[in-house]
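In: what follows is a predicted protein model with its sequence.
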Amino acid sequence: MSPTDLLVPTYTHMLQTLAGLLEKARQQSSESEAEALLAQRLAPDMLPLSAQVRFACLQAQEAVFRLKGQLLPQALEQLGQEGHAAGEEPGSMVEAQTRIGDALSFLGSLEPDAFDGTEDRRVILELPGGPTFDMTGQDYVRDWALPQFYFHVVTAYAILRSRGIEIGKADYVPHMFNYLRSPTAA
């Protein structure tokens, strides 16, 4: 399976999931309660829901540039900065949905082989505070891009669930219903 075939559908499905989770939160809450959810955290030392959304959107787009050996566009650098500042500026549900929509549009604009052949490309990942990781594209996809992305989506789910939003497994993997086998006649 090529990196494009793995990442683009995965990111697309799960960003659609994230958008659906936020919509359920909006439907189950007053406007002020829904907006307040964006500042909620699982633990005091974790980033809030708004950061989880921003980082999921960032991760889904960042992988393309890293795998191609390109610098991140300024807009993605800004999205990362907003994610780190989300505790002070959580934004709104409309802004969160817009960020998800922008990430989905970006993914939808990619060519079917957008970053195929990058499995052996060196990816150097420099994190804030100093740690630097040197890996292949394949290692990056398996050990960083997917786990980081899922971390932020799962954390967003957990924050909403912990705050009483009625969501469950079917809300987390709605794309699986595309594969649901019809019952057969006995």
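Out: Right, received. Where do you want to start?

In: looking at this structure, which helix or strand is least sure?
Out: Lowest by mean pLDDT, DSSP states H and E among the helices and strands of the chain is strand 122-126, with a mean of 92.

In: C-terminal to it, what's the next element?
Out: Following strand 122-126 in sequence order, the next helix or strand is strand 132-136 (DSSP states H and E).

In: in its sheet, which strands sit next to that next one, and in what direction?
Out: Partners of strand 132-136 in the sheet, by DSSP bridges, are strand 122-126 (antiparallel).

In: just to revisit the earlier point, got the buried residues for the least confident helix or strand of the chain?
Out: Val123 (16 or more other Cβ atoms under 10 Å). C-beta: built from backbone N, CA, C; applies to glycine.

In: who touches it?
Out: For strand 122-126, the external contacting residues (Cβ atoms under 8 Å, 6 or more residues apart in numbering) are Arg66, Leu67, Gly69, Thr132, Phe133, Asp134, Met135, Thr136, Gly137, Asp139, Tyr140, Trp144.

In: skip the chain neighbours and tell me the closest residue to the fifth one.
Out: Put plainly, it is Phe133. In this structure, Phe133 finds its nearest non-sequential neighbour in Leu125, 4.4 Å apart by Cβ to Cβ, 6 or more residues apart in numbering.

In: so the residue nearest to the spatial centre of the chain is in which element?
Out: Nearest to the mean C-alpha position of the chain, by Cα atoms, centre = their mean, lies Ala56 at 2.3 Å. Using DSSP H and E, Ala56 sits within helix 49-68.

In: okay, the angle between that helix and strand 122-126?
Out: If you take axes from the mean of the first three to the mean of the last three Cα atoms, to 10 degrees, helix 49-68 sits at 150 degrees to strand 122-126.

In: how far does the helix ranked longest in the chain sit from its chain's centre?
Out: With secondary structure taken from DSSP state H, the chain has its longest helix at helix 3-27. Here helix 3-27 is found 7 Å from its chain centre; the criterion is Cα atoms, centre = their mean, to the nearest Å.
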